[in-house]
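> Sharing a model prediction with you, sequence too.
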Amino acid sequence: MPRMKPALALALFFALAHAGCGQEDPVGRLLDHQEAVLGALEKHTGTADEAAEVLESYVKEHGEELAQLKADGKAFVTEHAEDAQAAMIHQAQRIKAVTERYAKILADHPDLPKSDRFNKAYDALFN
């Protein structure tokens, strides 16, 4: 069974990070990135290496922003852990949709989770 990958875990992490935050929505921004990646993977009809190339390209283009989102989220969770439940509720439907889309991609392309290159590229995005 393919592992869920960090799509859900990181979305949940940033949902926690966003709780009570009146600033720009880092959860929404992260989910925007996840949805863009999923859209590219849904169009994928080639090999696992070709899918990995798509992800590697995305990392090159958006890696700095993703790293900043992760850092901001960790800092916020440390300071506002008590708001975790509210944050999860805030983005629950979108997190569920992203998770379901990723699971379908893996089901439609069983070669992807078997590819070390694909796994490494996906992990670089969301870990």
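On my side now, so go ahead. Numbers count the residues shown, from 1 in each chain.
> can you count the residues close to D116?
9 (other Cβ atoms under 10 Å). All C-beta spots, glycine's among them, are computed from the backbone N, C-alpha and C.
> what about it, distance to G63?
20 Å (Cβ to Cβ, to the nearest Å).
> any weak-confidence spans in the chain?
Scanning the chain for pLDDT under 70 picks out the ranges 1-25, 76-77, 80-88.
> can you give me the helices for it?
6-18, 26-43, 48-80, 84-108, 116-126 (DSSP state H).
> hey, which of these is tucked in deepest?
Per residue and on average, the most neighbours among these fall to helix 6-18, with a mean of 22 (mean count of other Cβ atoms under 10 Å).
> For N119, which non-adjacent residue is spatially closest?
Spatially, and ignoring its direct neighbours in sequence, N119 is nearest to P113 (6.9 Å; Cβ to Cβ, 6 or more residues apart in numbering).
> how close does the one you found get to E56?
Counting by Cβ to Cβ, the gap from P113 to E56 is 17 Å.
> ok now stretch 53-64, how far from the chain's centre?
Relative to the centre of its chain, stretch 53-64 is centred 13 Å away, using Cα atoms, centre = their mean, to the nearest Å.
> whoops, I mixed them up, stretch 28-38
Per Cα atoms, centre = their mean, the centroid offset for stretch 28-38 relative to its chain is 6 Å.
> do stretch 105-122 as well
The answer for stretch 105-122 is 14 Å, by Cα atoms, centre = their mean.
> would you put the C-alpha positions of it in CSV?
The C-alpha trace of stretch 105-122 is given here as CSV (Å, rounded to 0.1, in the frame of the first residue of the first chain):
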residue,chain,number,x,y,z
ILE,A,105,-3.1,9.7,-8.6
LEU,A,106,-1.2,6.9,-6.8
ALA,A,107,-3.9,4.4,-7.6
ASP,A,108,-3.9,5.5,-11.3
HIS,A,109,-0.1,5.4,-11.5
PRO,A,110,1.1,2.5,-9.3
ASP,A,111,4.6,3.0,-10.6
LEU,A,112,5.0,6.4,-8.9
PRO,A,113,5.2,5.2,-5.2
LYS,A,114,7.7,2.6,-6.3
SER,A,115,10.1,5.1,-7.8
ASP,A,116,12.8,6.4,-5.4
ARG,A,117,13.3,9.4,-7.7
PHE,A,118,9.6,10.3,-7.5
ASN,A,119,9.5,9.8,-3.8
LYS,A,120,12.5,12.0,-3.3
ALA,A,121,11.2,14.8,-5.5
TYR,A,122,7.8,14.7,-3.8
